[in-house]
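Student: Based on what follows, work out the 3D shape:
(2 chains)
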Amino acid sequence: MDVRDGKLTHFTKVGRATKNAIFALHFKKVNMTINEIIQSAVITAIQELYGETITPEQATPTVTRKEFEGDFTIVTFPFTRFAKKKPGEIAEELGAHLVKNVQQLDRFNVVQGFLNLVVADSFWTNFLTEIADNEDFGKQPNNGQKVMIEFCSPNTNKPLHLGHVRNILLGWSCSQICEAAGYEVKKVQVINDRGIAICKSMLAWQKWGEGKTPESTGTKSDHFVGDYYVLFEQKFQEEYKVWQISTTGQAILDEKRKPEQADDQFFKDFKNTYFNEYSPLGKEAREMLLNWEAGDPDTMVLWRQMNQWVYDGFGATYQALGVSFDKYYYESDTYLLGKDIVEQGLASGVFYKKEDGSVWADLTDAKLDQKVVMRSDGTSVYITQDLGTAQMRYEDFGTEKMVYVVADEQNYHFQVLFEILKRLGEPYAAGLHHLSYGMVDLPSGKMKSREGTVVDADDLIAEVIEEARTASAERGELAELPKETQDDILRKIGLAALKFHIIKVGPQKRMVFDPKESVDLQGQTGPHIQYAYVRIKSVLRKAGEKLAKGNRQYSIESIELEPQEKELIAQLYRFPVAISTAANNYDPSEIANYCYDLAKAFHRFFTDLSILKAETEEAKLLRLELCGAVANVLKTGMGLLGIEMPERM
RNA sequence: GGCCCCGUAGCUCAGUGGAUAGAGCAUCUGCCUUCUAAGCAGAGGGUCCCUGGUUCGAAUCCAGGCGGGGUCACCA
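Tutor: Residues are numbered from 1 along each chain as shown, chains lettered A, B, ... in the order given. Next comes the predicted model:
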């Protein structure tokens, strides 16, 4: 029997003979979860007891709160309507019926209208033996569907920062989660490698670079390019300041300043206009863009060189973060796409043309606005390109689902994009999803590149690893290991701290990133979870391989579980559900919270009960098997978040 | 102003129709001659933004406010 799909098969194992014939009536399949077994039994029981047919939803068991005895709880208040009895009475009758008819249920108790059901220990131990040696427990088999996930998608004029890190971690863990849920995943990004921004870096390097290179200056190559972008901004600001006090500048000020506007505020607002209409540097940059669009050979050489430096630098950061992509889409290739879609849309009446030649989509009946999809001069806008790339990607991969990991400032854009694709009748339109996430703030406020308050990705990674090094040195646990092994462990710990700190927050929420907290190693953190794994590995090493694997001598039917053991097993049982939920909602924080809960349950178990010196040999074997299963799930679960587990720490 | 997102302990966050709302950090108290104390146990700390509504039952759903953020370009 294959348990990889997360549905368990205890029927066949423990024998489904006499008591539960009712299941055969309602469910043909044998691999139901305990939740489903209880659910169907409740439906049957209510039918038999009160002659009422209830929905599966009304019969859904919830996890019993820990202050009461029991594993699952049925709320009987909704049944009073037809049962004509008090909730407590219904619970008693229902409980008796369920325990009589469901073999996996051992006993029940009633508190108010809450029916608490106790699942037999043998159910849990059976489950444990089924999954103990399955390192892939929780992962589901291929479901034949494909999903494409777009994430990161940087500009090529400056290095990656904290905002990209959140995006990358979300996108990467979503990819891993979808894969675990049975999808074939294609990870892609679209790189904004063209436009005025990269021209600024190019121009600055050409004018003031003196032929320097990343190699000659010993600078990481994407930072090298970013430095010239900053240099351009500096030179431009100097030029602008001089202009502001010039005769021309003052004349413009007098002419255009609104009465309520202060002088410096006016010049701040006027900056873009100055760049486009007055600035000599701006003129040069725009000329460079025109040269690029014309395919001027010298400009192309420079452009390729600058971008290559950036890609080399990005590559190093991706590697440090442990992420990779299946395909890169470059805007220099795609920025002209979408015109054929516009033609199609015009023909089918989804779009209409205004007198000036511009093409529009009227989405007002979908509570969206009118949206231009082609300028009057026939050139594409941002959304035209997205229309084109969506189609291109579908042709490339045939993915039923496409997920865009993009910050929430673009919510409206994606609403419009998806609505248009729907109206165009694209076959993949129903599978489009914008994984929108909140911006990352610092305790000091918003990140602003112009004010130099941006947290650089490479700096951040280096910092968390250094912090792990300091903390480790105090503990001294790693001192005797080879330096290479130590470095590997410290890298895993530091990155776990950083990644978990970001992923544990639900995507939708704007988050405050405190660098001090991101390097915390205690409490609700990545290293806390790694530590549970390390403790297990240490015990298993001491127990020896023979005891750790196979060789289970204990009798499943007779063993009595301690509460800490049962809690751990029940937690393991929820893992497949956590993966499905995370995949369906595109929400990695679901997995992060699951892993933390499991690690917490393990630490409690580890503190309260002795493994190697258990009271009986049977208990020892069961606990070792439990340890192994917890280690597998922690490793798989954290792996879904892109977090590696060390063997020692 | 229209639309969208967020509002839960001092701070960072879980919880989205069920029982007395939970973790971590910070503060305080215990627990290492016993499997790694990056751990465990306990204490204090709450107007779940406000007001109304639906429901046997609301932090959760609905309406209206308040506060914060985003967005409303022939920019990307």
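
Student: In chain A, where is pLDDT below threshold?
Tutor: Residue ranges of chain A with pLDDT under 70: A:1-30, A:545-557.

Student: ok and the residue in it nearest RNA strand B?
Tutor: Here the residue of chain A nearest RNA strand B is residue A:523; by C-beta to the nearest atom of the strand that distance is 2.1 Å. For glycine as for every other residue, the C-beta is placed from the backbone atoms N, C-alpha and C.

Student: Quick check: phi and psi at that residue.
Tutor: Dihedral pair for residue A:523: phi 80, psi -140, per degrees, to the nearest 10.

Student: Helix or strand next in line after whichever strand or helix holds residue A:607, which one?
Tutor: In this assignment (DSSP states H and E), residue A:607 forms part of helix A:589-608. Where DSSP H and E defines the elements, the next helix or strand beyond helix A:589-608 is helix A:617-640.

Student: element containing the residue positioned nearest the centre of chain A?
Tutor: Closest residue to the average C-alpha location of chain A: residue A:170 at 3.1 Å, with C-alpha atoms, centre = their mean. Residue A:170 belongs to helix A:162-180 when assigned by DSSP H and E.

Student: And residue A:189, by the same measure?
Tutor: strand A:184-191.

Student: can you dump the C-alpha coordinates of that strand into PDB?
Tutor: The C-alpha coordinates for strand A:184-191 follow below in PDB (Å, rounded to 0.1, in the frame of the first residue of the first chain):
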ATOM      1  CA  GLU A 184       5.100  19.400 -12.000                       C
ATOM      2  CA  VAL A 185       6.600  22.900 -11.300                       C
ATOM      3  CA  LYS A 186       8.300  25.300 -13.700                       C
ATOM      4  CA  LYS A 187      10.200  28.100 -11.900                       C
ATOM      5  CA  VAL A 188      10.700  31.200 -14.100                       C
ATOM      6  CA  GLN A 189      11.400  34.800 -13.700                       C
ATOM      7  CA  VAL A 190      11.100  37.800 -16.000                       C
ATOM      8  CA  ILE A 191      14.100  40.000 -15.900                       C
END
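
Student: Can you give the strand pairings for that strand, parallel or anti for each?
Tutor: Sheet pairing for strand A:184-191, assigned by DSSP bridges, gives strand A:146-150 (parallel), strand A:327-330 (parallel).

Student: tilt between the helix holding residue A:170 and strand A:146-150?
Tutor: 170 degrees (axes from the mean of the first three to the mean of the last three C-alpha atoms, to 10 degrees).

Student: Helix A:162-180 and RNA strand B, are they touching?
Tutor: No - judged by C-beta under 7 Å from any atom of the strand, helix A:162-180 stays clear of RNA strand B, getting no closer than 10.9 Å.

Student: Next, the angle helix A:617-640 makes with that helix.
Tutor: Relative orientation of helix A:162-180 and helix A:617-640, computed by the same axes, to 10 degrees: 130 degrees.

Student: which bits of the stretch 1-150 of chain A sit near RNA strand B?
Tutor: By C-beta under 7 Å from any atom of the strand, the residues of the stretch 1-150 of chain A that approach RNA strand B are A:62, A:64-65, A:67-68, A:70, A:73, A:75, A:77-78, A:111-114, A:116.

Student: I'd like to know which of those residues are buried.
Tutor: A:64, A:70, A:73, A:75, A:78, A:111, A:113, A:114, A:116 (16 or more other C-beta atoms under 10 Å).

Student: and the two most separated of the residues you listed?
Tutor: The most widely separated members of those, counting by C-beta to C-beta, are A:70 and A:78 (19.0 Å).

Student: related to what we said a few turns ago, quick one: the strands paired with strand A:184-191 as JSON lines, columns for mean neighbour count too.
Tutor: Formatted as JSON lines, those follow (neighbours: other C-beta atoms under 10 Å):
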{"stretch": "strand A:146-150", "mean neighbour count": "24"}
{"stretch": "strand A:327-330", "mean neighbour count": "16"}
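
Student: Could you export those strands to a markdown table, including columns for distance to residue A:599?
Tutor: Output for those, formatted as a markdown table (distance: least, C-beta to C-beta, whole Å):
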| stretch | distance to residue A:599 |
| --- | --- |
| strand A:146-150 | 27 |
| strand A:327-330 | 35 |
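
Student: Residue A:530 and residue A:537: what is the separation?
Tutor: Taking C-beta to C-beta, to the nearest Å as the measure, residue A:530 falls 10 Å from residue A:537.
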